[in-house]
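Undergrad: what's the 3D shape of this:
(chains A, B, C and D)
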2 protein chains.
Amino acid sequence: MTIREVCEKYHILPDTLRYYERVGAIPAVNRTEGGIRDYSEEDMGWVENAICMRNAGVPVEMVASYVKLCQQGDGTFAARRDLLKEARTGIVKQMEKCRKELERLDYKIERYETAVETGQLVWDRTFAEDACGQT
Amino acid sequence: MTIREVCEKYHILPDTLRYYERVGAIPAVNRTEGGIRDYSEEDMGWVENAICMRNAGVPVEMVASYVKLCQQGDGTFAARRDLLKEARTGIVKQMEKCRKELERLDYKIERYETAVETGQLVWDRTFAEDACGQT
DNA sequence: ATACAAGTTGGAGTGAACTCAAAGTCAAGT
DNA sequence: ACTTGACTTTGAGTTCACTCCAACTTGTAT
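TA: All right, here's what the predicted structure looks like:
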């Protein structure tokens, strides 16, 4: 599979794929005689892995660390597990922030829906201290 | 309230607050005679709003747009609602990506837990096409 | 009055993650 | 053989969101 085809499949740019390879977020990709990248099924697996992790906000550097551990063989299972757990923690924190803001937004959107109808914007609820003001 | 106090309350840097004000993510803050920022309750509300939105990954520019609409008065209720809905859509998308990756990670972590015990890494499940490979 | 900490501005610098440009190589069609 | 388009590398440029710096002013404690 050419770089173009992989990019079409995952909706990313060739430069992004080359960048991922350069920084180690995916291992070196198979090449043809002429030196042109020819992605194997395994290469695609790595690409998918990088894209998934990045989609969830895992830093490129962390993805690269994981790839490196995988390449170091069977002695790194525990280290890989720990790294993935760390990534997991980051994602959970991020989701919790999103959940809070979503709750806040839903309330505000509802208030604005009413305001659009009545011409009056009213905050009838007070957000807790660590939530947000009535703006 | 001084900039230092606000920063301690929200665990951010003074430069970040000044930056938010400069780009319009919060409106111009009250000042003392000498020109030193003196955050009112309302100012704090705006600060909280900016921090909440940013925490959920809403771009600074979007926060600034919202603030601008608020400053333009009661004629912008519908526009504000639409902007918040747009922000909401972005957050929901982001959370869905996180949810998927979390599921993926949980499976992999579980596999690695087993691998650490048995010395054998086995993928006994195939991820769907839009999920990710066994890496 | 005088330190000196804390605040101010304008502008420059940083780090992460791409993204683009230039110059050259490879491959497919005519 | 020749053109055309895709791919290659190296290195530079961009965007976002801060973050830092220098020079200066303000406020507080002795």
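Undergrad: which residues in chain A form strands?
TA: With DSSP state E, there are no strands along chain A.
Undergrad: low-scoring stretches of it, by residue?
TA: Low-confidence segments of chain A, defined by pLDDT under 70, are located at A:126-134.
Undergrad: and the helix ranked longest in chain A, what other elements does it pack with?
TA: Longest helix of chain A, by residue count under DSSP state H: helix A:77-118. With contacts taken as 3 or more CB pairs under 8 Å, 6 or more residues apart in numbering or on different chains; DSSP states H and E, helix A:77-118 sits against helix A:60-71, helix B:41-55, helix B:77-118. All C-beta atoms are positioned from the backbone trio N, CA, C, and that covers glycine.
Undergrad: do the second one and DNA strand C meet?
TA: Read it as helix B:41-55. No - Helix B:41-55 lies out of reach of DNA strand C by CB under 7 Å from any atom of the strand, never closer than 11.2 Å.
Undergrad: buried set for that helix?
TA: Of all the residues in helix B:41-55, those buried under the rule 16 or more other CB atoms under 10 Å in any protein chain shown are B:43-55.
Undergrad: before we move on, the earlier item: report the angle between the longest helix of chain A and helix B:41-55.
TA: 130 degrees (axes from the mean of the first three to the mean of the last three CA atoms, to 10 degrees).
Undergrad: find the nearest non-adjacent residue to A:Ser40, please.
TA: Counting by CB to CB, 6 or more residues apart in numbering or on different chains, A:Ser40 lies nearest to A:Asn30, which is 5.1 Å off, once chain neighbours are set aside.
Undergrad: which residues does the one you found contact?
TA: By CB atoms under 8 Å, 6 or more residues apart in numbering or on different chains, the contact list for A:Asn30 reads A:Arg37, A:Asp38, A:Tyr39, A:Ser40, A:Asp43.
Undergrad: tally of neighbours for the third one?
TA: Using other CB atoms under 10 Å in any protein chain shown, A:Tyr39 is surrounded by 20 other residues.
Undergrad: if we can go back for a sec, what's the most buried one of the helices and strands packed on helix A:77-118?
TA: For the helices and strands packed on helix A:77-118, the largest average neighbour count (mean count of other CB atoms under 10 Å in any protein chain shown) is found in helix B:41-55, namely a mean of 20.
Undergrad: what is that one packed up against?
TA: Packed next to helix B:41-55, using 3+ CB pairs under 8 Å, 6+ apart, are helix A:77-118, helix B:3-10, helix B:14-23, helix B:60-71.
Undergrad: columns distance to DNA strand D on top of the ones you listed, output as JSON lines?
TA: Output for those, formatted as JSON lines (distance: least, CB to the nearest atom of the strand, whole Å):
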{"stretch": "helix A:77-118", "distance to DNA strand D": "13"}
{"stretch": "helix B:3-10", "distance to DNA strand D": "10"}
{"stretch": "helix B:14-23", "distance to DNA strand D": "4"}
{"stretch": "helix B:60-71", "distance to DNA strand D": "4"}
